[in-house]
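In: Everything below, folded, please.
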Amino acid sequence: MHTILGIDPGTLLMGYGIISIDKSKVSLVEMGVLHLSKYKDHSERLHYIFERVSALVQIHRPAIVALEAPFFGKNVQSMLKLGRAQGVAMAAAMAHGSGTIEYAPRKIKQIVTGNGNASKEQVWKMLQHQLQFKEDTEFLDASDAVAAAYCHHLESRTGSVVAPRKTAGRKKAGGGWADFIAANPGKVKQ
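Out: Purely as a prediction, here's the structure:
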């Protein structure tokens, strides 16, 4: 049996969900929403995210933490804050021995519901059906986090996911700057 922690990072609300897999049976263990708006300072919010994700990882010992990747918006400040929240959640997971992996929101919806444009309510209903839980919609904000965890489970069963390294989190695309420069000498200005 192993567990997967899903996280939908946010700066005002952060959803989380833990699923357990025992052979072919997938069950919801816990889900919830961190209400961060009560912390006025952004650094306080980040500290709280780190503490809560650390506690969840220490209690449930997930093999992996699946995060919903931030979507690109027009407000740069919001994107920076969201990226920090995601980074802190990833750091907390890795600090306690769990690997991390990111999934785009559209991919999560596609894998879980078969429709990349599914609404939050559609994702929620599919999760209720697949994981057989009856929780009320008070946990609707946790649905994206549970969906990220369930998406990782489904993707890892098909073998299309490369297992992330425990220390690095995401697999690096390409070989870094040296390989880019070697492959694109005309793009480098002296």
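In: Name the residues that touch the helix or strand encompassing Ala148?
Out: Applying DSSP states H and E as the criterion places Ala148 in helix 143-158. Helix 143-158 is contacted from outside by 4-8, 14-19, 21, 26, 28, 31, 64, 66-68, 101, 103, 105, 107-109, 111-112, 120, 123-124, 127, 130-131, 161, 163, using C-beta atoms under 8 Å, 6 or more residues apart in numbering. Any C-beta I mention is one placed from the backbone N, CA and C, and that applies to glycine too.
In: In helices only, show me those.
Out: Those of these mapping onto helices are 105, 107-109, 111-112, 120, 123-124, 127, 130-131, per DSSP state H.
In: Now which of the residues you listed would you call buried?
Out: 105, 107-109, 111-112, 123-124, 127, 130-131 (16 or more other C-beta atoms under 10 Å).
In: Please identify which of the ones in helices among the contacts of helix 143-158 is nearest to His60.
Out: Nearest to His60 among the ones in helices among the contacts of helix 143-158, counting by C-beta to C-beta, is Leu131 at 15.8 Å.
In: For the nearest residue to Val29 once chain neighbours are set aside, name its beta-bridge partners.
Out: Residue nearest to Val29 in three dimensions, not counting chain neighbours: Ile18, with 4.2 Å by C-beta to C-beta, 6 or more residues apart in numbering. For Ile18, the beta-bridge partners are Leu5, Glu30 (DSSP bridges).
In: quick revisit: export the ones in helices among the contacts of helix 143-158 to a markdown table and tack on distance to Arg45 and pLDDT?
Out: Shown next, in a markdown table, are these (distance: C-beta to C-beta, whole Å; pLDDT from 0 to 100):
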| residue | distance to Arg45 | pLDDT |
| --- | --- | --- |
| Pro105 | 21 | 92 |
| Lys107 | 27 | 95 |
| Ile108 | 24 | 95 |
| Lys109 | 26 | 95 |
| Ile111 | 29 | 94 |
| Val112 | 28 | 94 |
| Lys120 | 22 | 88 |
| Val123 | 25 | 93 |
| Trp124 | 25 | 92 |
| Leu127 | 26 | 94 |
| Gln130 | 32 | 92 |
| Leu131 | 29 | 92 |
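In: got those residues as JSON lines, with distance to Gly87 columns?
Out: Shown next, in JSON lines, are these (distance: C-beta to C-beta, whole Å):
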{"residue": "Pro105", "distance to Gly87": "18"}
{"residue": "Lys107", "distance to Gly87": "20"}
{"residue": "Ile108", "distance to Gly87": "19"}
{"residue": "Lys109", "distance to Gly87": "23"}
{"residue": "Ile111", "distance to Gly87": "24"}
{"residue": "Val112", "distance to Gly87": "25"}
{"residue": "Lys120", "distance to Gly87": "24"}
{"residue": "Val123", "distance to Gly87": "25"}
{"residue": "Trp124", "distance to Gly87": "27"}
{"residue": "Leu127", "distance to Gly87": "26"}
{"residue": "Gln130", "distance to Gly87": "30"}
{"residue": "Leu131", "distance to Gly87": "28"}
